[in-house]
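Visitor: just the structure for this:
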Amino acid sequence: MAKSKNNKSQVKEKNLEVVEQKESSLYYFYSVGCGFCKKSEPIVDEINKEGKFEILKLDLSEKDNQGLKQELEKKYNKKCGTPWFIDGETGNQICGYKEKDVVEKWLNGEDIPAPPRPNGPAPKLPFHGASKKEETKWKKEYDKWVKENEHLPNLQPADKILERPRPKTDPPKPPQPNSTDEQLDQWGKEYERWTKENGHLPNLQPVDVILNRFKQQRSGMPPGATPVGQPPVGGSNLDARMNTLEQKLDKLITHLGVK
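Guide: Okay, the predicted model is just below:
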C-alpha cells in the first residue's frame, strides 16, 4: 500500500458500531525540493482540512509510492513528474501546479486539459554581447519556431526577448542531489565566478544561500531550517525566496538549452 504522511485511519462511529470507510483514491504525488510542490502543499492541506475530500499525500522518496505512481502511469497511459494529482479509480489527473479552483474542479470529476506542449525546444538564445549576425540568425530560427508553435500562449516577439538582460555564458549545471560537500563547494566556486561575470542580470542570489539550501535538501532537513553549528542564512522568507530562485534557475537553464 502507498505510504501517506497524512494517511489517518478512516473510521466513523454509528449506532455504537465502528464501520471502516473506503480509502481515498485521490492521490497527490510530490517530491522534496520541487518548487511547484511547495506551492501545491498548502492547497492540499486546506482541502483536506475542509473535510469534503481527502487527498492522500504521497512522497516519492518512498519506494511504495514510486511503485504506485508507475502502476498508475502504465494503467492510464499517462506520464507526469511532480506535482501530480490523479484519481486512482478514473485516471482523471492534473499534471503540474494549478490554483485551488482548478484542483476543486478535478475533485468534482471535471477533466483538466494538460497544458499545451511545444513542438521541439526553442532555439538557444544568443549570449549577451553576441554579434548582430548571430542575433539575426537566431531571430530567423525563433520566428520559424513560433510559426510551428502557434498553439502556445503568450509567445513573445524576438526583438522583445533580445531587449531583456541575457547571460554572457551558460550557468554551471546544478549539482546532483547526492553531491559531496567538496562537489557542492566546487559548484559554488563556479557559480560565484559566473555571477561576477553576469552582474548585469537581476535578482542573482548569493552563492552561500544556494549552497545552504542544497545541503539542507541533501540531508533531509526541513526547508528554512538551520544546520547545527551554522548561523541562519537569509530570513523568515528564505523558503519563498529559494522557491523563486529554483524556478528561475530551471527556466534559465531550459531557455539556454543546457542539458
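Visitor: what's the nearest residue to Asp111 if we skip its chain neighbours?
Guide: Computed as CB to CB, 6 or more residues apart in numbering, the closest residue to Asp111 that is not its neighbour in sequence is Asn92, at 6.3 Å. Where C-beta positions appear, they are placed from N, C-alpha and C, glycine not excepted.
Visitor: same for whatever helix or strand Ile86 lives in, what does it pack against?
Guide: Using DSSP states H and E, Ile86 maps to strand 84-87. The contact analysis (3 or more CB pairs under 8 Å, 6 or more residues apart in numbering; DSSP states H and E) places strand 84-87 against strand 26-30, helix 63-76, strand 93-95, helix 100-107.
Visitor: counting contacts, what elements does the shortest one pack onto?
Guide: Here strand 93-95 is seen to pack against strand 84-87, helix 100-107 when contacts are counted using 3+ CB pairs under 8 Å, 6+ apart.
Visitor: run through who's touching it.
Guide: The contact list for strand 93-95 (CB atoms under 8 Å, 6 or more residues apart in numbering) reads 76, 78, 80-81, 83-87, 102-103, 106, 112, 114-115.
Visitor: let's see that with 7 Å instead.
Guide: With contact meaning CB atoms under 7 Å, 6 or more residues apart in numbering, strand 93-95 is reached by Lys78, Cys80, Trp84, Phe85, Ile86, Val102, Val103, Trp106, Ile112, Ala114.
Visitor: same question for stretch 90-102: list its buried residues.
Guide: Under the neighbour-count criterion of 16 or more other CB atoms under 10 Å, stretch 90-102 has Asn92, Gln93, Ile94, Cys95, Gly96, Tyr97, Lys98 buried.
Visitor: among the residues you listed, which two are most distant?
Guide: Farthest pair in the buried residues of stretch 90-102 (CB to CB) is Asn92 and Tyr97. Separation: 17.0 Å.
Visitor: on that earlier part again, output the strand holding Ile86 as PDB, restricted to C-alpha atoms.
Guide: The C-alpha coordinates for strand 84-87 follow below in PDB (Å, rounded to 0.1, in the frame of the first residue of the first chain):
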ATOM      1  CA  TRP A  84       0.800  15.100  -9.900                       C
ATOM      2  CA  PHE A  85      -2.800  14.800  -8.900                       C
ATOM      3  CA  ILE A  86      -4.600  11.600 -10.100                       C
ATOM      4  CA  ASP A  87      -7.800   9.800  -9.200                       C
END
